[in-house]
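> any chance you can model this:
(2 chains)
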2 protein chains.
Amino acid sequence: MKNLAEINAKGIRDLIRKGKITNSTAGMAKGYAQANLVILKKEYAYDFLLFCQRNSKACPLLEVTDVGVYRSKKIARGADFRTDIPKYRIYRDGKLVEEATDIKEYWEDDMVCFLLGCSFTFENSLLNGGIPIRHIEENRNVPMYKTNIPCEQAGVFEGPMVVSMRPMRHEEAIRATQITTRFPAVHGAPIHVGDPSEIGITNLSKPDFGEEVSIKNGEIPVFWACGVTPQAVAMKSKPSIMITHAPGCMFISDIKDEELSVL
Amino acid sequence: MKNLAEINAKGIRDLIRKGKITNSTAGMAKGYAQANLVILKKEYAYDFLLFCQRNSKACPLLEVTDVGVYRSKKIARGADFRTDIPKYRIYRDGKLVEEATDIKEYWEDDMVCFLLGCSFTFENSLLNGGIPIRHIEENRNVPMYKTNIPCEQAGVFEGPMVVSMRPMRHEEAIRATQITTRFPAVHGAPIHVGDPSEIGITNLSKPDFGEEVSIKNGEIPVFWACGVTPQAVAMKSKPSIMITHAPGCMFISDIKDEELSVL
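As a prediction, this is how the structure comes out:
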């Protein structure tokens, strides 16, 4: 198979729909923005939309469909949010009950799809800036951690912020802060650099989502708000049903990274 | 009275609540972010929140209250959105029926307050950058125009984008673009520079909201998306009741301009 970084977004979505990709999408379709998915029934949609507004660092919205609509109108016109993601998670009453590679059988006519910006989007710019992305180098899913930073409540939704982590040297952390500042729609600048215990993370080798990556001598962990936050929130807020992407297994949009930069 | 630019946000709100300020707030409480207000009943809140998400350039949300709550929790803790704005407009079924300096008598228990970023916020940074603000120089309200740019529909809400206009020289327009890029939460960079007819404005001397300002020889008009957009949208979408600030008469928050800059 052709190098997955060099295939465009539509090509990757085709492979995903055919079941040929079922793992983390980090590094795929270089230059195209990736997105987190949350699907909820209409009765929860107002609270969740408000949750995203109040916690926009973790939950920057790229697209919200009309009720009952599962096709994209904006970030990848015509793509089907029920089939075009490598792996989904189904949460019922706050419990993860199943993973699936297609969620057609779970779709209901009163559901709404929320697409949230993903930090994989700015990784291409980081690489261009000479900053290593360890989980891509090690061919693993990015490590993600629940923090002790509370999200601002909105209706039934409340819970802790989840962060993704990339290890790098101090001077790279400064450059990474500059580069990611340009991308507020995909989490923007880091929320923490350095001591993980300050944000409630006790063991970097045991991520709550994704996989562990190596941290080399002289490197520090750099943390970004993460679009997996709604999954941690779902566990606490217990909506009757909530469907999400599996962490790291993103929707790849037709929007170019650079279209999401503010400068 | 002390120069209104030098009084802090709380001081200006006190004067407003006492009825001592009933006009445009441009230039007041220098350094404090200003906000547009939209109040709707809960039945319209989801559609409007979605409208703001889909049209975030014109409608960048700074705060949304819980249902029935008229006090700020975030941008000016404790301030009363029913009394702390110089002038309000009441729209019924899409028609402007009244202006008032206090809306306590219109408040209902199922109402939600939406506070949207205002371009007055970045005017202090423009002035610091040596760029003239004509409506402040001429002591007028900023001129605002309906454009031919359609907003993206959300439920019952649809209509044209409204823009504010500031005249300046070409080289100042470049610097103003750089400066306002730093402030995506208060409309960010201009949406148009130069020929007004390209965005459907036929007569700069007849603004749809606010007041005309002088355009000097060698100056071009620079247009920013404007938080008065919901008022143009209300006229078209006709919610049973919608309460807004009167154009130019803003809510002055306790947030410093610089807190809203991304760099």
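> can you list the weak-confidence ranges in chain A?
Where chain A drops to pLDDT under 70, the residues are A:1-2.
> that one: helices as residue ranges?
A:9-17, A:42-54, A:123-128, A:134-137, A:170-181, A:229-237 (DSSP state H).
> identify whichever of those helices lies nearest to B:L62.
Minimum separation from B:L62 across these (CB to CB) falls at helix A:42-54, 9.5 Å. For every residue, glycine as well, the C-beta is placed using N, CA and C.
> buried ones in that closest one?
By neighbour count with 16 or more other CB atoms under 10 Å in any protein chain shown, helix A:42-54 contains the buried residues A:44-54.
> what do you get for stretch A:198-213?
By neighbour count, and taking 16+ other CB under 10 Å as the criterion, the buried residues in stretch A:198-213 are A:199, A:201, A:207-213.
> hang on, the earlier thing: distance to chain B for the helices of chain A - can I get that in JSON lines?
Listed next are those as JSON lines, based on distance: least, CB to the nearest CB, whole Å:
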{"stretch": "helix A:9-17", "distance to chain B": "21"}
{"stretch": "helix A:42-54", "distance to chain B": "4"}
{"stretch": "helix A:123-128", "distance to chain B": "15"}
{"stretch": "helix A:134-137", "distance to chain B": "26"}
{"stretch": "helix A:170-181", "distance to chain B": "5"}
{"stretch": "helix A:229-237", "distance to chain B": "15"}
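> export these to a markdown table and tack on distance to A:E158?
Converted to a markdown table, these look like this (distance: least, CB to CB, whole Å):
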| stretch | distance to A:E158 |
| --- | --- |
| helix A:9-17 | 32 |
| helix A:42-54 | 8 |
| helix A:123-128 | 30 |
| helix A:134-137 | 29 |
| helix A:170-181 | 26 |
| helix A:229-237 | 6 |
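> in terms of contact, does A:E212 touch A:P167 like I think?
No: A:E212 sits out of contact with A:P167 when judged by CB atoms under 8 Å, with a separation of 10.8 Å.
> what does the stretch 1-150 of chain A have sitting close to chain B?
If contacts are counted using CB under 8 Å from any CB of the partner chain, the residues of the stretch 1-150 of chain A sitting beside chain B are A:45-46, A:49-50, A:52-54, A:61, A:64.
> repeat that with 7 Å
Those residues of the stretch 1-150 of chain A that sit near chain B, judged by CB under 7 Å from any CB of the partner chain, are A:45-46, A:49-50, A:53, A:61, A:64.
> next: the stretch 151-263 of chain A.
Residues of the stretch 151-263 of chain A found near chain B (CB under 7 Å from any CB) are A:181, A:184, A:188, A:262-263.
> got a quick ChimeraX command for the buried subset of those residues?
One line in ChimeraX is enough to select the buried members of those, burial here meaning 16+ other CB under 10 Å:
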select /A:181,184,188,262
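> about what we covered before: among the helices of chain A, which is the most enclosed?
Of all the helices of chain A, helix A:229-237 has the most neighbours on average by mean count of other CB atoms under 10 Å in any protein chain shown, namely a mean of 24.
> got the contact list for stretch A:97-112?
The set of residues external to stretch A:97-112 that reach it, using CB atoms under 7 Å, 6 or more residues apart in numbering or on different chains, is A:19, A:22, A:39-42, A:45, A:64-65, A:67-68, A:70, A:82-83, A:86-91, A:243, A:246.
> go through that stretch and flag the buried ones.
Buried residues in stretch A:97-112, counting neighbours by 16+ other CB under 10 Å, are found at A:100-103, A:111-112.
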